[in-house]
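Peer 1: missing the sequence, but the structure's below:
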């Protein structure tokens, strides 16, 4: 069942109760059907509804199996008294993919539901159109739900795989940050501690030496601060070439082929940093939401500025912009850039950043 929509899916399930009209449609055509028979029919229909609702909301596999068996017994027992009760076999076939886990078992249950309608209908000398109708619709009802269930389970596995990939990427990133900060600050902070201890010892015996050590501590601290800033700047963006390589690896892991022309053109460093971040966010969105098979990236530079185009053949249909797209627009706005999105057939994202001179001329006086 798709995430965030279980209640909607369950509500849609109750639409299929329309087929249960057979419980009353067939007896209505029988001249000998009495008031007592109608009351019995109504009570047994309530039993059917209880079993149906139970199967829709049941969570435990054992509970599902018990309810399915009870539903099948209801059909077998009541079929001889009401030919319309054979519709229960359609519901048994439809619920088979929901109850069973293995494909051979599911197919066996679907065939068994159709066969039960035929065999019991023939034994009771019912009209062929009665048992034939129930047997005929049992097969597509079961197969249709089987296809839906296989798709749902596949999407669930894909979602779990993507979550694991993201988790592993986050763990690897934290480890990289920890290593980088240790390499950058470990030696420097140790040196500052030693010089601070030395300055403390020299403070009373050699004030000039202590002042010299304090000056070196200040210089070392400033150097460390610059290194930390450089390291953080590296986390934020490593350039388009590195980001394109990361995009290829990420999309390949998600089963998406990437096309882009090499070598990449030279881009203004300020624009390159923003484009790298936009590319990273776009690739993340493709992996998470697009369900694409192919992606195409292109970068073009002319006197007017720089353009980045990202296209995929996914499902498109972007109705609301999330935090990621809003963040892209905010970053581009700082450079006077624009973001255009066309998601009618796949998604085409176009980023345009004017050249520094053109951006200055475009600003109002």
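Peer 2: Structure received. Source: prediction; values computed, not measured. Numbers count the residues shown, from 1 in each chain.
Peer 1: Break down this protein into its helices, ranges please.
Peer 2: Along the chain, the stretches classed as helices by DSSP state H are 6-13, 22-25, 35-57, 61-78, 87-99, 103-123, 128-205, 207-236, 240-253, 269-285, 323-333, 356-362.
Peer 1: hey, which of those is tucked in deepest?
Peer 2: The highest mean neighbour count among these, using mean count of other C-beta atoms under 10 Å, belongs to helix 87-99: a mean of 26. Quick note: C-beta positions are derived from backbone N, CA and C, even for glycine.
Peer 1: okay, the angle between that one and helix 35-57?
Peer 2: Calculated by axes from the mean of the first three to the mean of the last three C-alpha atoms, to 10 degrees, helix 87-99 forms an angle of 10 degrees with helix 35-57.
Peer 1: quick check: mean pLDDT across helix 87-99?
Peer 2: Averaged over helix 87-99, pLDDT sits at 86.
Peer 1: by contact count, what packs against it?
Peer 2: Counting contacts by 3 or more C-beta pairs under 8 Å, 6 or more residues apart in numbering; DSSP states H and E, helix 87-99 is packed against helix 35-57, helix 61-78, helix 103-123, helix 128-205.
Peer 1: Output those helices as CSV; include the columns mean pLDDT and distance to residue 344.
Peer 2: Converted to CSV, those look like this (pLDDT from 0 to 100; distance: least, C-beta to C-beta, whole Å):
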stretch, mean pLDDT, distance to residue 344
helix 35-57, 82, 36
helix 61-78, 88, 41
helix 103-123, 86, 37
helix 128-205, 77, 23
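Peer 1: Adding distance to residue 303, write the ones you listed out as a markdown table.
Peer 2: Compiled in a markdown table, those are given as follows (distance: least, C-beta to C-beta, whole Å):
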| stretch | distance to residue 303 |
| --- | --- |
| helix 35-57 | 63 |
| helix 61-78 | 66 |
| helix 103-123 | 61 |
| helix 128-205 | 38 |
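Peer 1: and of the helices of the chain, who's closest to residue 309?
Peer 2: Proximity to residue 309, assessed across these by C-beta to C-beta, is greatest for helix 269-285 (10.3 Å).
Peer 1: Now do the closest one: which elements does it pack against?
Peer 2: Secondary-structure packing of helix 269-285 (3+ C-beta pairs under 8 Å, 6+ apart): helix 240-253, strand 294-302, strand 305-312, helix 323-333, strand 347-354.
Peer 1: Same list, these, but as a markdown table with mean pLDDT and distance to residue 45 please.
Peer 2: Output for the helices and strands packed on helix 269-285, formatted as a markdown table (pLDDT from 0 to 100; distance: least, C-beta to C-beta, whole Å):
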| stretch | mean pLDDT | distance to residue 45 |
| --- | --- | --- |
| helix 240-253 | 81 | 52 |
| strand 294-302 | 90 | 52 |
| strand 305-312 | 92 | 50 |
| helix 323-333 | 80 | 50 |
| strand 347-354 | 92 | 49 |
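Peer 1: okay, the ones you listed in CSV with distance to residue 228 next?
Peer 2: Formatted as CSV, the entries for those read as follows, by distance: least, C-beta to C-beta, whole Å:
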stretch, distance to residue 228
helix 240-253, 20
strand 294-302, 31
strand 305-312, 29
helix 323-333, 23
strand 347-354, 28
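Peer 1: picking up where we left off before, wait, which of the helices of the chain is closest to residue 317?
Peer 2: With respect to residue 317, and counting by C-beta to C-beta, the nearest of the helices of the chain is helix 269-285 at 12.8 Å.
Peer 1: quick one, the closest one and helix 240-253 angle?
Peer 2: For helix 269-285 and helix 240-253, the angle between their directions (the same axes, to 10 degrees) works out to 10 degrees.
Peer 1: Residues contacting helix 269-285, please?
Peer 2: When contacts are defined by C-beta atoms under 8 Å, 6 or more residues apart in numbering, helix 269-285 is touched by residues 236-240, 242-244, 246-247, 250-251, 267, 295, 297, 299, 305-306, 308, 310, 324-325, 327-328, 331-332, 334-335, 337, 339, 349, 351, 353, 356.
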